[in-house]
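A.B. asks: Here is a sequence together with a model predicted from it:
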Amino acid sequence: MSNPPQDAGIPVLTEIIPATATAAPVPAAAPSTTPAASSAPLTEEHDAEPVPDAARAAAEDERWERLEREVREKVLYQLLERIDFVLEQRVRDSLADVLQTAVEKLASEIQGGLQVAMKDMVTRAVAQEITRLQATKK
């Protein structure tokens with residue numbers, strides 16, 4: 001009995017994620033490495049600089065969370081579409097194995113019963129023939 005691949009209709013991740021979503025994220029601006037900038041005390045000008053980076057990072061995180069949610073929903077939807085078929089195939093395969101075992105056992109029992117019945121019939125036929133021959137001899 002050959003089993004078809006169970007995941008033939010299940011999509012791979014590259015079929016679900018749109019090509020634009022797999023593009024590399026925009027790198028954040030590199031911090032200034034000049035000695036004056038690194039040793040200067042933080043002022044309002046410097047405090048304002050991380051806010052766009054933080055906002056960009058938050059937006060990027062939100063984008064990735066949305067993408068993850070969309071991928072999860074698409075995979076779940078496609079799996080739900082295939083679940084009936086896969087379940088039916090597994091039930092059929094299991095039933096086929098159970099039925100094959102039952103048929104083999106039944107055939108074995110029938111063969112044993114036939115052997116006993118044939119032996120009884122031959123024994124009775126031989127006994128009747130002996131009785132008939134003995135009756136004709138007298």
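C.D. replies: Yes, it's here.
A.B. asks: Quick one: mean pLDDT for the lengthiest helix in the chain?
C.D. replies: With secondary structure taken from DSSP state H, the chain has its longest helix at helix 50-137. Helix 50-137 shows a mean pLDDT of 91.
A.B. asks: by contact count, what packs against that helix?
C.D. replies: helix 13-16 (3 or more Cβ pairs under 8 Å, 6 or more residues apart in numbering; DSSP states H and E). Where C-beta positions appear, they are placed from N, C-alpha and C, glycine not excepted.
A.B. asks: What about Val86, how many residues nearby?
C.D. replies: 16 (other Cβ atoms under 10 Å).
A.B. asks: And it, how far from Glu70?
C.D. replies: From Val86 over to Glu70 the distance is 23 Å, taken as Cβ to Cβ, to the nearest Å.
A.B. asks: again with Ala102
C.D. replies: The gap separating Ala102 from Glu70 is 48 Å, by Cβ to Cβ.
A.B. asks: So for the two, which sits in the more crowded spot?
C.D. replies: Glu70 (14 against 10).
A.B. asks: gap between the more buried one and Arg63?
C.D. replies: In this structure, Glu70 and Arg63 are separated by 11 Å, where distance is defined by Cβ to Cβ.
A.B. asks: Over to Val71?
C.D. replies: To Arg63, Val71 is 13 Å away according to Cβ to Cβ.
A.B. asks: Equivalent analysis for Gln128, please.
C.D. replies: The gap separating Gln128 from Arg63 is 95 Å, by Cβ to Cβ.
A.B. asks: who has more neighbours, Val71 and Arg63?
C.D. replies: Val71 (15 against 12).
A.B. asks: Quick check: neighbours shared by Val71 and Arg63?
C.D. replies: Taking Cβ atoms under 8 Å, 6 or more residues apart in numbering as the contact definition, Val71 and Arg63 share no neighbouring residue.
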